[in-house]
Every structure is written in structure tokens, then in C-alpha cells.
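In: Output the structure for:
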Amino acid sequence: MKSARWYKANDIRVENVEEPQITTGKVKIKVEWAGICGSDLHEYAAGPIFVPVDAPHPISKDIAPIIMGHEFSGTVVEVGEGVTKVSVGDPVVVEPILSCGECAACKKGKYNLCDGLGFHGLSGGGGGFAEYTMVDEHMVHKMPEGLSFEQGALVEPAAVALHSVRLSKLKAGDKAAVFGTGPIGLLVIEALKAAGASEIYAVELSPERIAKAEELGAIGVNPAEVDAVAKLKELSDGGVDVAFEVTGVPVVLQQSIDCTNFEGETIIVSIWETGAEFHPNNIVLKEKTVKGIIAYRDIFPAVMELMKQGYFQAEHLVTKRIQLDDIVTEGFDALLKEKNQVKILVKPE
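Out: As a prediction, the model looks like this:
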């Protein structure tokens with residue numbers, strides 16, 4: 001079958017590999033649509049981050065080259081012995097977290113904080129940038145009636161956004177700022193709307209992406225034109241209640257902390273390629289909080305229910321649809337060069 005495999009930074013190859021063969025407790029899926037994630041882009045531009053290169057991943061047991069793609073939907077084509085959750089023909093999405101089930105976090109049900117955390121499509125075991133993939137039964141969620149496969153490919157990134165808002169201190173009526181309006185940032189805006197935020201500010205350099213954020217109801221702030229922190233404090237009457245850092249750019253972390261009011265909170269959503277500095281007194285003297293989040297847990301069904309209500313819609317986020325053969329030039333390279341791109345979906349056939 002055709003697949004896109006990561007060999008090293010700036011080296012992803014579309015090539016044929018063996019189709020996975022069904023085994024006990026597994027679900028084989030024909031991939032319908034797969035999204036290119038910011039994490040995929042980090043791996044392409046500056047990896048490895050989650051890709052195992054020096055030793056096999058402790059859970060997948062794979063080592064690079066690995067098939068990429070962890071945001072995807074598909075159709076069940078075969079189930080292994082003992083599988084009861086889904087049947088052949090079911091439309092599904094995959095929650096791609098690889099966890100050990102044995103560490104302290106896993107035993108408390110916080111599997112996204114697993115000591116050996118990995119992702120199907122980043123850490124081995126197969127991936128969505130392929131015609132077929134196979135996963136454990138517990139990773140599969142049946143899609144509700146009326147949800148398209150394109151919407152299904154957005155469930156995973158929307159889960160990141162909803163998890164970040166759920167873990168924040170934000171309450172209905174609070175004000176929030178989102179730094180960075182790529183796909184996750186835009187989805188955070190949607191999640192904030194669902195949570196009842198009264199005002200949402202979007203800090204972004206790209207005019208095209210600011211326009212997208214404003215379409216979703218945010219107030220755009222371009223840091224190339226104004227002092228973003230000063231402008232946010234002016235607009236929000238002293239500072240926002242919660243800021244979400246979704247860029248992975250070091251200078252932005254300090255800005256996201258500074259723009260919050262006393263006792264404000266900053267949620268770090270990004271995966272980072274380098275370190276970042278901030279002055280602790282900016283937190284200490286106003287009793288602020290900085291919190292990190294990774295991925296999601298126990299949230300895919302809620303995301304799909306919100307999609308049925310009109311949130312996280314593909315029509316607002318998908319800017320390009322491509323074939324797997326073109327994933328490097330029309331996908332990864334396009335996302336690096338074209339700031340008007342938001343979410344690119346890949347058809348593996």
C-alpha cells in the first residue's frame with residue numbers, strides 16, 4: 001500500500017509498504033481523510049521530536065522510518081478476534097495516543113501523561129498518511145450519524161483545543177487571548193466560544209489568519225502594527241483572564257503571560273523546538289499561573305457532539321485538499337511557505 005514515511009528532517013518519502021494484517025484486538029481502517037498537523041510540520045522541519053530514531057519506541061516498538069499522520073478518519077474494513085466496539089463498515093476516528101497502561105499517570109486514568117507517551121502516526125505503529133492502518137480497539141471511536149469524514153479528520157486537533165480550554169480556569173463571561181491562529185489556535189477560539197468566553201482576542205502576524213479568526217468571532221490584534229500586550233490590556237480593561245500560547249515562539253510566551261490580569265492564567269498549548277525564557281517576577285508579583293497541556297483524554301465523544309451543534313466546522317478551517325503523492329510539495333512545503341493555508345487534508349488513495 002502507498003504511505004508517507006518520515007526518514008529524517010526534510011525527508012518524507014511516499015513509498016509502498018506492506019498492508020497491515022489483522023490480529024487479535026485490533027481494528028483495520030481504510031483511511032478516508034488525514035490532516036497535516038503542526039506537530040507533523042515540526043517533525044518535518046526540525047525533527048525528531050516524537051519520532052523514535054535512536055531506539056525503538058517503548059510502546060510501538062518501531063523506529064524511523066515511520067508512517068506519519070495522526071489526525072484521520074476512515075472506515076473499518078476488518079476487526080480482530082475479541083473486538084466488539086466497532087464492526088466492519090463503521091465510520092470511525094482514531095484517538096492516536098500510545099500509552100503503557102502501567103505508569104502512575106496511566107493508573108490514574110491520565111493516559112495522555114504516560115511516561116512512555118507516543119502517538120500513532122508520530123511514534124510508529126502505522127499512521128493516517130497511508131491507505132490502511134491498524135490500531136487497538138480502545139483507540140477507535142465510532143462517528144455519529146451525519147458527521148462527514150472531513151469533519152472526522154478534524155476531531156483530533158479539535159480535541160487538543162477543547163482539552164486546553166477545559167483544563168484552564170476560564171469561566172463563562174471571562175475574557176481570553178489566543179496567540180497564534182493556525183489550525184489549533186482557530187480551534188481554541190471555537191472551544192472558547194463553546195465555553196462561554198465573552199471576548200476573545202486573536203494575536204497573529206498573518207493578515208489572512210487574522211481574517212479567519214475574525215470570521216469565527218475573535219477580535220484581531222496584529223503585533224506588527226501595535227504593542228500586542230498594551231493593546232490587549234486596553235481592550236480587555238486591564239488584562240485577559242486566560243491566555244493561550246499556540247505558537248511555540250519564545251518571545252510570545254512572555255507576551256502571553258504579560259497580557260493577563262492579576263491572578264491570570266497562561267495555557268501553553270504548543271510543542272516547542274527550542275527553549276524559552278520569561279521573568280518569574282511577572283508571575284510572582286501578580287500571583288499568575290502558567291500551565292502546560294498535552295494532547296487530550298476522554299474527550300473525543302464531546303468533540304463530535306459539539307461538531308453536530310456546529311462547532312469546529314471543516315468549511316472554516318480546511319483550505320486545501322491533496323492526494324498522498326503530493327504531500328511533500330503541496331502539503332508540508334505549502335504550509336511552510338503559504339501563510340494563507342490553515343488545514344490541509346490528504347486523501348491516501
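
In: Would you mind giving the secondary structure of the most centrally placed residue in the chain?
Out: Centroid check for the chain by C-alpha atoms, centre = their mean gives residue 157 as the closest residue, at 3.4 Å. Following DSSP: H, G, I helix; E, B strand; the rest coil, residue 157 is assigned to helix.

In: show me the contacts for the residue lying closest to residue 297 once chain neighbours are set aside.
Out: In this structure, residue 297 finds its nearest non-sequential neighbour in residue 112, 4.6 Å apart by C-beta to C-beta, 6 or more residues apart in numbering. C-betas here are computed from N, CA, C, even on glycine. Contact partners of residue 112, counting by C-beta atoms under 8 Å, 6 or more residues apart in numbering, are 97, 99, 294-297.

In: Select only the buried ones of the residues you listed in PyMOL?
Out: Remark: buried members of these, expressed as a PyMOL selection using 16 or more other C-beta atoms under 10 Å:
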select buried, resi 97+99+294+295+296+297
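
In: mind listing which of the contacts of residue 112 are in strands?
Out: residue 97 (DSSP state E).

In: What score does the residue nearest to the centre of the chain have for pLDDT?
Out: Listed pLDDT for residue 157 reads 97.

In: surely it meets residue 184?
Out: Yes - the pair residue 157 / residue 184 is scored as a contact, 5.8 Å apart, by C-beta atoms under 8 Å.

In: Report the separation between residue 116 and residue 296.
Out: Distance from residue 116 to residue 296, counting by C-beta to C-beta, to the nearest Å: 17 Å.

In: With residue 1 instead?
Out: Remark: distance between residue 1 and residue 296 (C-beta to C-beta) = 28 Å.

In: Same question for residue 27.
Out: When distance is defined by C-beta to C-beta, residue 27 is 20 Å away from residue 296.

In: and if you look at residue 252?
Out: 22 Å.

In: which phi and psi does the closest residue to residue 332 other than its chain neighbours have?
Out: Using C-beta to C-beta, 6+ apart and skipping the chain neighbours, the partner closest in space to residue 332 is residue 44 (4.8 Å). Phi and psi for residue 44, reported as degrees, to the nearest 10, are phi -70, psi -40.

In: quick one: pLDDT of residue 44?
Out: 95.

In: again with residue 271
Out: So residue 271 comes in at 88 (pLDDT).

In: Can you give me the neighbour number for it?
Out: 15 (other C-beta atoms under 10 Å).

In: Show the residue spans covered by the helices in the stretch 101-250 of the chain.
Out: All helices of the stretch 101-250 of the chain, identified by DSSP state H, counting those that start in this stretch, fall at 104-107, 149-152, 155-166, 183-195, 207-215, 228-235, 250-258.

In: Tell me the buried residues in the second one?
Out: Judged by neighbour count using 16+ other C-beta under 10 Å, the buried positions of helix 149-152 are 149-152.

In: Not counting it itself, show me its contacts.
Out: 32-33, 72-74, 91-93, 143, 307, 312-314, 318, 345.

In: 6 Å - rerun?
Out: 32-33, 73, 93, 143, 307, 314 (C-beta atoms under 6 Å, 6 or more residues apart in numbering).

In: now do the first one
Out: Outside helix 104-107, the residues within contact range by C-beta under 6 Å, 6+ apart are 99-100, 113-114.

In: Pick out the most distant pair among the residues you listed.
Out: Across the contacts of helix 104-107, the longest distance by C-beta to C-beta is 11.2 Å; it joins 100 and 113.

In: Any idea how many residues pack against residue 306?
Out: Neighbour count for residue 306, taken as other C-beta under 10 Å: 17.

In: Next: the one 3 residues further on.
Out: For residue 309, the number of neighbouring residues by other C-beta under 10 Å comes to 8.

In: From residue 144, how far out is it?
Out: Counting by C-beta to C-beta, the gap from residue 309 to residue 144 is 11 Å.

In: Spell out which helix or strand contains residue 322, please.
Out: Using DSSP states H and E, residue 322 falls within strand 318-323.

In: That strand: what's the following helix or strand?
Out: helix 333-337.

In: CA-only coordinates of that following helix in CSV, if you can.
Out: Output of helix 333-337 as CSV, limited to C-alpha atoms (Å, rounded to 0.1, in the frame of the first residue of the first chain):
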residue,chain,number,x,y,z
ASP,A,333,6.2,22.8,1.9
ALA,A,334,3.0,24.7,1.2
LEU,A,335,2.3,25.1,5.0
LEU,A,336,5.8,26.4,5.5
LYS,A,337,5.6,28.9,2.6
